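Undergrad: Sequence and predicted structure below; questions after.
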Amino acid sequence: MSSVATQITVAASAAQVPSNPISKQVTFYALSGNTGTTYIGTSSSVSSSNGYPLEKGTNVTIPITGNGGNTNQFWTIGTASDKVGIAGA
């Protein structure tokens, strides 16, 4: 069983989430001390108009189907220096 628990720093331009194998789901959570909204997407073109909005103190859990996946299939963009936690299994 693969699992991950880490934090990343958000950038003002699209950035790929670091590689971690996951098999069931991944949860992204925006730290409560963040100043802006982070957007989660599945390509380098993620933006405020096509990404999933993650406001400070909120989270989203995304199920992984098939034979598993990797956190690097996701991208983030938002307020530079904000933090996003990642938990996956």
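TA: Nice, I can see it. Residues are numbered from 1 along each chain as shown.

Undergrad: quick one: the strands in the chain?
TA: Along the chain, counting by DSSP state E, strands occupy 4-9, 15-16, 21-22, 25-30, 38-41, 52-54, 59-63, 69-70, 75-77, 83-88.

Undergrad: roughly how far apart are Ser45 and Pro21?
TA: 24 Å (Cβ to Cβ, to the nearest Å). Heads up, the C-betas are built off the backbone N, CA and C, glycines and all.

Undergrad: just for this structure, where's the confidence low?
TA: Applying pLDDT under 70 to the chain picks out residues 1-2.

Undergrad: The residue lying closest to Asn59 once chain neighbours are set aside - how many residues pack around it?
TA: Counting by Cβ to Cβ, 6 or more residues apart in numbering, Tyr29 is the residue found nearest to Asn59 once chain neighbours are left out, at 3.7 Å. Using other Cβ atoms under 10 Å, Tyr29 has 19 other residues around it.

Undergrad: Residues in a beta bridge with the most centrally placed residue in the chain, which ones?
TA: Centroid check for the chain by Cα atoms, centre = their mean gives Phe28 as the closest residue, at 4.7 Å. Beta-bridge pairing for Phe28 (DSSP bridges): Val60, Ile86.

Undergrad: Hmm, Gly85 and it touching each other?
TA: Yes. Here Phe28 lies in contact with Gly85, judged by Cβ atoms under 8 Å, at a distance of 7.3 Å.
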